[in-house]
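**Q** Sequence first, predicted coordinates after that:
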Amino acid sequence: MRLGVLLAPDDGANPRSIAEQAVEIEAAGYDSIWSAQAMGRGFMMHDPFVALTTAAALTDRVELGIAILQLPLYNATDIAMKSFSLAQVANNRFLLGLGLGSTTTDFDIHHQSFEKRSDIFEKKLAELRQIFFSGAVNGYSINPWDSVNGGPPIFLGTWGRQVKRAADEFDGWIASGMHRSPQECAAALDDFRSSGGGRAIVSTIRVLPDTDLQSLQHDLNLYAEAGFDDAVVMVFPNGPKLDEVRSLI
């Protein structure tokens, strides 16, 4: 099982925080760097495209992913342009995780309807896929570089009945290790695999300053035994050292 790091919120005091973390994460032997998209939660997080572009400029090996982008909040053309750009500067190491969104605050901030988010998601997903496929919007080509034609792999961050959809219609599935137990994630993975799903990622496994590493190792082993391809930890400031966490698997 591959192991990645989801960039955690910080106090913003160090303008080189993302750059330094990216270098440290790759040097520690992790397989991927991830950024989340959230706002109005009582803390500030870097925009995921900004964070991952910074990481792309300073790394050569690690995969770079968003887990996840709440697609209903954004213009599909804008996301396509950013995705093509990030895929190019990252030399096609970019993976785009999408979801409907689960927090009313984010939608209020964007003046979007939380209640209609499912319909909005479907509309914008269709638009985004069309732009990735054709490289054009409303008949106007945006001329993506040959190296990024088709866009990045798209993963669905979801739960419940939608897990089978992730298997059928997406390049993979992203589960939340923050909101579900390893046992619940393993059960959902069975549904994903039985539907022919490919790559499965469990993300947002929080590693706090008081996290017991032996317990964390136990959970990581459960994810590996269940058959997840990737686990993504979110190591908070003043938490265990990255090398310590990496050594657990």
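**A** Arrived safely, thanks for sending.
**Q** okay, and the helix or strand of this structure with the least pLDDT?
**A** helix 104-109 (a mean of 91; mean pLDDT, DSSP states H and E).
**Q** what's downstream of that one, the next helix or strand?
**A** Where DSSP states H and E defines the elements, the next helix or strand beyond helix 104-109 is helix 117-134.
**Q** Run me through the strand neighbours of the next helix-or-strand element following that next one, direction for each.
**A** Tracing the chain past helix 117-134, the next element assigned as helix or strand by DSSP H and E is strand 136-137. Next to strand 136-137 in the sheet, as set by DSSP bridges, lie strand 140-141 (antiparallel).
**Q** Show me how far the strand it pairs with is from its chain's centre.
**A** 29 Å (CA atoms, centre = their mean, to the nearest Å).
**Q** Could you point out the helix or strand that follows it?
**A** strand 154-157.
**Q** Could I get the buried residue list for the very next helix or strand once past that next one?
**A** Downstream of strand 154-157, the first helix or strand assigned by DSSP H and E is helix 162-169. Of all the residues in helix 162-169, those buried under the rule 16 or more other CB atoms under 10 Å are Gln162, Val163, Lys164, Arg165, Ala166, Ala167. (Each C-beta comes from the backbone N, C-alpha and C, glycine too.)
**Q** The third one touches Ser195, doesn't it?
**A** Yes: using CB atoms under 8 Å, Lys164 is in contact with Ser195, at 4.3 Å.
**Q** so what's His179 scoring on pLDDT?
**A** According to the per-residue confidence, His179 scores 87 in pLDDT.
**Q** typed the wrong thing, it's Asn92
**A** At Asn92 the predicted local confidence, pLDDT, stands at 97.
**Q** And the helices in this structure?
**A** Defined through DSSP state H, the helices belonging to the chain, from first to last, are 17-27, 48-58, 76-89, 104-109, 117-134, 162-169, 182-194, 213-226, 242-246.
**Q** Nearest residue to the middle of this structure?
**A** Within the chain, one residue has its C-alpha closest to the average C-alpha position: by CA atoms, centre = their mean, that is Ala67, at 1.8 Å.
**Q** Find the nearest non-adjacent residue to Asp219, please.
**A** Distance criterion CB to CB, 6 or more residues apart in numbering; nearest residue to Asp219, sequence neighbours excluded, is Pro182 at 5.0 Å.
**Q** show me what contacts the one you found?
**A** By CB atoms under 8 Å, 6 or more residues apart in numbering, the contact set of Pro182 is Asp219, Leu222, Tyr223, Ala226.
**Q** Not counting residues beside it along the chain, what's closest to the third one?
**A** Of all residues not flanking Tyr223 in the chain, Ala231 sits nearest, at 4.9 Å (CB to CB, 6+ apart).
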